[in-house]
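A.B. asks: Fold the following and give me the result.
(one chain, ligands or ions: 1)
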Amino acid sequence: MAPKQAATHQSDWQDINYVDKRVVAISDRYRNVLQEQLEVLSRSAKIGVFRLYCDENGNIDLDNSNNWLVMNPAIVGAPSDATLTITDVLAVFFESDAAAHFNTLNCAIVGGCNYLEKSAHLAKTAQGAIWLTTEINVTRSGDDALYLDGEVRNVSSEKRILKNFSELGEHINTILLELPVAIFRLELTQPDDEINAMPVPGASWMLHGSLLYGQPEGSLKSPMDATKFVHPEDRQLIIDAFENAVKHKLSRYQIEYRTIWPDGSEHWLISKAVFEYDDNNTPLTLSGVQYDITEQKLQQQKLEFMAGHDHLTDLPNRALCMETLARTVAAAHRYNRKFAVMFIDLDRFKIINDTIGHECGDRLLKEIASRFRSNLRASEFISRVGGDEFVVIADGISHIEQAQVVAEKLISLTILPVAIDGVEYRVTASVGVTQYPDDGLDEQTLLKHAEMAMYTAKERGKNNFSVYNREMAALSLEKMDLDTQLRGALERNEFSLLYQPKVGLQRDVITGVEALLRWENQKLGFVSPMRFIPIAEENGLIVPIGRWVMETACRQTKEWQKLGLEVVPVAVNVSPRQFLEPDFYDDVLNALNSSGLDPSLLELELTEGMIMSDIERTVALLTALKDLGVRVAIDDFGTGYSSLAQIRRFPIDTLKVDRSFVRNIHHDTEGQAITSAIFDMAKNLSLTVVAEGVETNDEASYLRSSNCDEMQGYYFSKPVDEKRIAIMLSDHLPRYQ
Ligand SMILES: Nc1nc2c(ncn2[C@@H]2O[C@@H]3COP(=O)(O)O[C@H]4[C@@H](O)[C@H](n5cnc6c(=O)[nH]c(N)nc65)O[C@@H]4COP(=O)(O)O[C@H]3[C@H]2O)c(=O)[nH]1
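C.D. replies: Numbers count the residues shown, from 1 in each chain. Model prediction:
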């Protein structure tokens, strides 16, 4: 058994030797393959590896044959076919003083250091500057160092990138210093007390933000430091914008807010920020820029102000008025409140403006606007919605009586004299009042009704206010109806003329006739000129209608003449709009030429207001008409602004004293004083004076005893048609009625 066992044992050993040799052979082969592969790899890689064995004293044994190095020589700037030893490589790191450094290295290893690191910068190589790092790990058996494994790395590209980055950073810094721009990062997952002063990843910081908040440069380290300098009214705005962005997982947002500087001044900033979220959509950081937009804001505010305000008075304009009215309606609806709207129109402002000149007119408007602004309460919004039109929105007015108090205040503020260049001017205002919700539920209706009420105030004599009621709306509908019917009335031959005689006072003979327009419409029947003429004036139809009147009156007078009647001048009423037409003179000329009437038989009746506007043009035009031979009369004298002294400047023939002065003149001492002053002055100016609206024998008797020349009125004759006038003219006497 034993020999067999021994034989077995021996063959086993033989086997083992054989296996061992195979293992050694295989491992040698693989080590060579591995080394070859490492060499191939290292040729392209920027990393080299080495092992250095130590001697029995623990010092590096540079001559040990087991030492090895696998490295592309180019890593250290040597030609790629150079044969480098480990000593060459380490010499690179330790430069000229290699011996001393080896000594230090050995001391460190003997002293128990297991990890060593060293960098090198090779300034001049064929590849340019090269940065290297080496890391060495020591392997020991107990305390004794056995060998060192190390790696050499070429970190030139990383260094270059870092260098570029730091250069870029410096550039950016320089630019930022020049610009009023801050950059910031807010770490959203850390508590505020961990905020770092410098831009360290994972922390909150802000660069160059301090100046934007009026603080010394560098004093504010993070956006959180800056919050106390944000305008108190805007702090919630910032919180809301941030929370809204987070709630909706927005990737970016921007917000504009005000800051308060130590000197109390307000500045505007814009903050544009980008969120960084983790996979659970939790915001991690907020980074962005902030910069000053005060100038743009001021510019924008100025533009907005200009868009919403009237440049003359600085009051809100129509657009802003409508916007405010809409907002007030919405708020009143929501809180079940009442409020009032007042439409203010200055009385006869156009005439005043034309009389005193537009520059003075503007100054007058500015003064009235400033009175309104400074005397109204904060809850009373005042705006200028047109040339001489203002609108007040009086919030929180629960009774119409309160609105009436405001309206009265506006009227009394208007009537106070305005001094311009030492001359005192006085204007009055008519005010229309409406109330929400009683008179309208929306801004357009309220304003329309306030305007209607204002017109009613004007009709009631101006310089007062009127509260809207439903009848006014009905009247306005009627006005629309009149307007519609008036269009085309000429074509449908719906107009005719009546004539009212003027009587010479001393001999009771007809000295002239006034042509008065009549309109009979199929739908509306007979419509008084008092109703349709203002509408025709508004829509411009008065121009062709007036032309028709003049032509018809001239033709008719010529007809009477042709009938052999002793004709007298025919007077036609001229409307303001007609008179302002550039073709007015030509129209007069055409009417005369086409009828063949002698110009001295045509008299034009103008009103005071008409001649007082654009005095230069009026004088020139009247002079031209006078040169033609046409007569000019001033109608309704005494009701307007002109004084007799002013009238003197115009080439006119006749003054027609308004019938309001004539009524009951026989026992109206004030009327007597006024008329006698007019009569005397007119005599001095060689003007003919006509008293209008004489209705009674008493009035006629009084006028006969005064300095009046002619009379006109129902006492002598109502306006009659052309046939009846022909009879009167043939009798040389007016028919008493
Ligand atoms: N209460 C009273 N009234 C008297 C008396 N005598 C005359 N009248 C009325 O007084 C008005 C006189 O005309 P007006 O002052 O120019 O006032 C005129 C004038 O401003 C305007 N109008 C009439 N025809 C024309 C026209 O052809 N063109 C223009 N632009 N306006 C006209 O309409 C106004 C009213 O005209 P009418 O209704 O015809 O009213 C006429 C006439 O009928 C009187 O004794 N008592």
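
A.B. asks: C-alpha from now on. contacts and neighbour counts both.
C.D. replies: OK.

A.B. asks: Name the SS class of the residue of the stretch 551-700 of the chain found nearest the ligand, please.
C.D. replies: In the stretch 551-700 of the chain, the residue that lies nearest the ligand is Gly693 (3.5 Å; Cα to the nearest ligand atom). Following DSSP: H, G, I helix; E, B strand; the rest coil, the label given to Gly693 is coil.

A.B. asks: Skipping adjacent residues, who's closest to it in space?
C.D. replies: In space, and not counting its chain neighbours, Gly693 is closest to Gly713: 4.2 Å by Cα to Cα, 6 or more residues apart in numbering.

A.B. asks: repeat for Ala241
C.D. replies: Ile255 (7.1 Å).

A.B. asks: So which elements touch the helix or strand containing that neighbour?
C.D. replies: Take DSSP states H and E as the rule and Ile255 turns out to sit in strand 252-260. Secondary-structure packing of strand 252-260 (3 or more Cα pairs under 8 Å, 6 or more residues apart in numbering; DSSP states H and E): helix 232-247, strand 266-277.

A.B. asks: Please put the alpha-carbon coordinates of it into PDB.
C.D. replies: Output of strand 252-260 as PDB, limited to C-alpha atoms (Å, rounded to 0.1, in the frame of the first residue of the first chain):
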ATOM      1  CA  ARG A 252     -38.700  80.800 -14.700                       C
ATOM      2  CA  TYR A 253     -40.400  84.000 -13.700                       C
ATOM      3  CA  GLN A 254     -39.800  87.600 -13.400                       C
ATOM      4  CA  ILE A 255     -41.000  90.400 -11.200                       C
ATOM      5  CA  GLU A 256     -40.700  94.100 -11.000                       C
ATOM      6  CA  TYR A 257     -40.700  95.800  -7.600                       C
ATOM      7  CA  ARG A 258     -39.600  99.000  -5.800                       C
ATOM      8  CA  THR A 259     -36.800  99.400  -3.400                       C
ATOM      9  CA  ILE A 260     -36.300 102.200  -0.800                       C
END
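
A.B. asks: Pull the distance from it to the chain's centre.
C.D. replies: When C-alpha coordinates are averaged (Cα atoms, centre = their mean, to the nearest Å), strand 252-260 and its chain have centres 21 Å apart.

A.B. asks: I'd like to know how far the one residue sitting closest to the centre of the chain sits from Arg555.
C.D. replies: In the chain, the residue lying closest to the centroid (Cα atoms, centre = their mean) is Glu304, at 2.9 Å. Taking Cα to Cα, to the nearest Å as the measure, Glu304 falls 59 Å from Arg555.

A.B. asks: quick one: contacts of stretch 47-59?
C.D. replies: For stretch 47-59, contacts defined as Cα atoms under 8 Å, 6 or more residues apart in numbering pick out 42, 60-62, 64, 66-72, 75, 86, 106, 109-110, 144-154.

A.B. asks: what's the answer for stretch 601-619, then?
C.D. replies: With Cα under 8 Å, 6+ apart as the test, stretch 601-619 has contacts from 351-355, 554, 568-576, 579, 630-637, 640-642, 649-651.

A.B. asks: how near is the closest residue to the ligand within the stretch 51-200 of the chain to Thr259?
C.D. replies: Closest residue of the stretch 51-200 of the chain to the ligand, Cα to the nearest ligand atom: Pro180 (68.8 Å). Using Cα to Cα, Pro180 is found at 14 Å from Thr259.

A.B. asks: Show me which of the two is the more surrounded one.
C.D. replies: Legend: neighbour count by other Cα atoms under 10 Å for Pro180 and Thr259, higher for Thr259 (26 against 16).

A.B. asks: contacting residues for that one?
C.D. replies: Going by Cα under 8 Å, 6+ apart, Thr259 touches 213, 229-231, 266-269.

A.B. asks: circling back to that earlier point, neighbours of the residue of the stretch 551-700 of the chain closest to the ligand, how many?
C.D. replies: Other residues close to Gly693 by other Cα under 10 Å number 22.

A.B. asks: again, but for Ala473
C.D. replies: Residues near Ala473, counting by other Cα under 10 Å: 15.

A.B. asks: Quick check, Leu122 in contact with Ile130.
C.D. replies: Yes - using Cα atoms under 8 Å, Leu122 makes contact with Ile130 at a distance of 4.9 Å.

A.B. asks: So those two - more neighbours on which side?
C.D. replies: Ile130 (21 against 18).

A.B. asks: on that earlier part again, phi first, then psi, for the residue nearest to the centre of the chain.
C.D. replies: Dihedral angles phi and psi of Glu304 (degrees, to the nearest 10) take the values phi -60, psi -40.

A.B. asks: now swap in Gly629 and tell me
C.D. replies: Phi and psi for Gly629, reported as degrees, to the nearest 10, are phi 110, psi 0.

A.B. asks: thinking again about what came up before, any idea how far the residue nearest to Ala241 lies from the ligand?
C.D. replies: Noted for Ile255: a distance of 63 Å to the ligand, by Cα to the nearest ligand atom, to the nearest Å.

A.B. asks: beta partners for that residue?
C.D. replies: For Ile255, the beta-bridge partners are Ser271 (DSSP bridges).

A.B. asks: burial count for the nearest residue to Tyr115 once chain neighbours are set aside?
C.D. replies: The spatially closest residue to Tyr115, leaving aside those adjacent along the chain, is Asn137, at 4.8 Å (Cα to Cα, 6+ apart). Asn137 has 17 neighbours, counted by other Cα under 10 Å.

A.B. asks: Was I right to think Asn137 contacts Gly112?
C.D. replies: No - counting by Cα under 8 Å, Asn137 does not reach Gly112; the two are 11.5 Å apart.

A.B. asks: ok, Asp234 - contacts?
C.D. replies: Neighbours of Asp234 in contact, by Cα under 8 Å, 6+ apart: 257-258.

A.B. asks: repeat that with 6 Å
C.D. replies: By Cα atoms under 6 Å, 6 or more residues apart in numbering, the residues touching Asp234 are Tyr257.

A.B. asks: tell me the phi and psi of Asp395?
C.D. replies: Backbone torsions of Asp395, given as degrees, to the nearest 10, read phi -80, psi 150.

A.B. asks: for the protein, which spans come out with low pLDDT?
C.D. replies: For the chain, applying pLDDT under 70 flags the ranges 1-31, 34-35, 38-45, 96-98, 189-203, 506-507, 613, 639-645, 732-737.

A.B. asks: Would you mind giving the domain segments of it?
C.D. replies: Here the domain assignment for the chain is 33-153, 179-299, 315-468, 483-731, based on automatic domain parsing.

A.B. asks: could I get these as JSON lines with distance to Ser166?
C.D. replies: Converted to JSON lines, the domains of the chain look like this (distance: least, Cα to Cα, whole Å):
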{"stretch": "domain 33-153", "distance to Ser166": "17"}
{"stretch": "domain 179-299", "distance to Ser166": "13"}
{"stretch": "domain 315-468", "distance to Ser166": "54"}
{"stretch": "domain 483-731", "distance to Ser166": "77"}
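
A.B. asks: Please name the residues that touch the residue in the stretch 101-250 of the chain positioned nearest to the ligand.
C.D. replies: The minimum distance from the stretch 101-250 of the chain to the ligand, using Cα to the nearest ligand atom, falls at Glu233 (61.3 Å). Under the criterion of Cα under 6 Å, 6+ apart, Glu233 has no contact partners.
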